[in-house]
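Asker: Sequence plus predicted model, see below.
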Amino acid sequence: MKITSKLSAHQEPFINIESSNHYDPKSILKEEIIAINNENAEEIKSHILTTDGMVLIDTQMYFSEPQIEVFEINEESVVMDFISCNNVETQIDQLESEKYTKENTHNIFYTTKFKATFKIPAFEQINYLSIILSKEFYYNIINEDWELHEKFSKNILFKKSGYLTSKYLPFTPAIQWIISEIKNCNRDGALKKMYIETKIRELLIHQLETLNQPKPNELIDEDEYSKLQEAKQILENDCAHAPTLTELSRLISLNEFKLKKGFKACFGTTVKSYIIKLRMERAKELFQTKAATVSEVAYKCGYKDVSHFSAAFKSFYGFSPQKFKINWDIIQLWITGLLLLA
């Protein structure tokens, strides 16, 4: 499997990777960082992880003039695609893609041979994360017969290029969190390989679950569904200061009854329950990444009363925030000890 990426203004690709198609649990994880910053105000930074059957590419770009990027994969592969930028015009051979990228959206696609052309505007911060898997690697991290990707699996069997779903969908908080964990992983060697592969599997499961969610109720038209998606995004953007139902209804120009009924029909949960879910996931993230007290986390998650936060946390996770914090600190000490021994 060979992967290249180049700007049309340059002869040489800035990414040029070869990886075996075979899945080998004993293969090592290679790491490469590409950094280009020249007098023409071209800035490219790409962090690449490679092992047999898998290539992970995290790329940021910024240009003072419009550019054209050509990205190619020479063999069949499954690509987990995560876009964190807007306004990039996209043309993909063999795939019917959306014309312009949308920030914080994702999809999965299978391709027998991939070639994409991206028209990158000037003065736009470009960021994408692509996890490219050989067919053998893909089927080693997921059950081939799993119902969640039955149709997608048949496309792979018959070598039919296509997306898992017709449109890129917004990141969920869980997907955002796992992407952050992958990008900020500071482990080395075999531990890093084990960690990254575990996170790819976890990310894939969240993608499949999200992309296979039931379609909205037929009684909900496209305009109303778009407003419900907007409401969901508003909550995700700042769950600590989530608007009231009345305020949210006003923000998206949809009456409260349709908001409550439509939100439940489209996303399988109430507005209130979704806010709690977002806050609890945020609390877990804060406990895992910062040495924060329970009262600090409660405040940052939108709770003025620590006891209300503790009760909500215990109801959501089954144990108190104090117990979670103690257990997480012990796990971190154990991992640090393993790394020191290694």
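Answerer: Perfect, I can see it now. Being a predicted model, the structure only gives us computed values, none of them experimental.
Asker: Look up phi and psi at K154.
Answerer: The main-chain torsion angles of K154 are listed as degrees, to the nearest 10 and equal phi -70, psi -40.
Asker: pLDDT wise, what is the nearest residue to it once chain neighbours are set aside at?
Answerer: In space, not counting the residues next to it along the chain, K154 is nearest to K160; the distance is 7.9 Å by C-beta to C-beta, 6 or more residues apart in numbering. C-beta coordinates here come from the backbone N, C-alpha and C atoms, glycine included. Model confidence at K160, expressed as pLDDT, equals 89.
Asker: Can you tell me the element K160 falls in?
Answerer: Taking DSSP states H and E as the definition, one finds K160 inside no helix or strand.
Asker: how many neighbours does it have?
Answerer: 13 (other C-beta atoms under 10 Å).
Asker: measure it to L208 for me?
Answerer: Taking C-beta to C-beta, to the nearest Å as the measure, K160 falls 18 Å from L208.
Asker: same check, this time on C185
Answerer: Here the criterion is C-beta to C-beta. By it, C185 lies 22 Å from L208.
Asker: So between these two, which is more surrounded?
Answerer: Here C185 and L208 are compared on neighbour count by other C-beta under 10 Å; more neighbours surround L208, at 17 against 14.
Asker: quick one, phi psi at that one?
Answerer: Summarising the backbone geometry of L208 under the convention degrees, to the nearest 10, its torsions are phi -60, psi -40.
Asker: Same question for Q288.
Answerer: According to degrees, to the nearest 10, the main-chain angles of Q288 amount to phi -80, psi -30.
Asker: ok, it to I178 distance?
Answerer: When C-beta to C-beta is applied, the distance between Q288 and I178 equals 12 Å.
Asker: which stretch of helix or strand covers Y274?
Answerer: Taking DSSP H and E as the criterion, the element that holds Y274 is helix 271-289.
Asker: and the helix or strand following that helix, what other elements does it pack with?
Answerer: Following the chain from helix 271-289 toward its C-terminal end, the next helix or strand by DSSP H and E is helix 294-300. Using 3 or more C-beta pairs under 8 Å, 6 or more residues apart in numbering; DSSP states H and E as the contact criterion, the neighbours of helix 294-300 among helices and strands are helix 271-289, helix 306-317, helix 321-341.
Asker: can you pull out the helices in the stretch 151-300 of the chain?
Answerer: Applying DSSP state H, counting those that start in this stretch to the stretch 151-300 of the chain gives helices spanning 173-183, 189-211, 222-237, 245-252, 256-267, 271-289, 294-300.
Asker: Now do the fourth one: distance to the chain's middle.
Answerer: Using C-alpha atoms, centre = their mean, to the nearest Å, we find the averaged C-alpha position of helix 245-252 to lie 28 Å away from the chain's own average C-alpha position.
Asker: repeat for the shortest one
Answerer: Taking the mean C-alpha point of helix 294-300 and that of its whole chain, the gap between them comes to 26 Å (C-alpha atoms, centre = their mean).
Asker: who touches it?
Answerer: Contacts with helix 294-300, where a contact means C-beta atoms under 8 Å, 6 or more residues apart in numbering, come from 240, 282-283, 286-287, 292, 305-306, 308-310, 321-322, 325.
Asker: swap in the first one?
Answerer: Contacts to helix 173-183, defined as C-beta under 8 Å, 6+ apart, come from residues 47, 56, 58, 82, 104, 106, 129, 171, 196, 199-200, 202-203, 206-207, 210, 236, 277-278, 281-282, 285.
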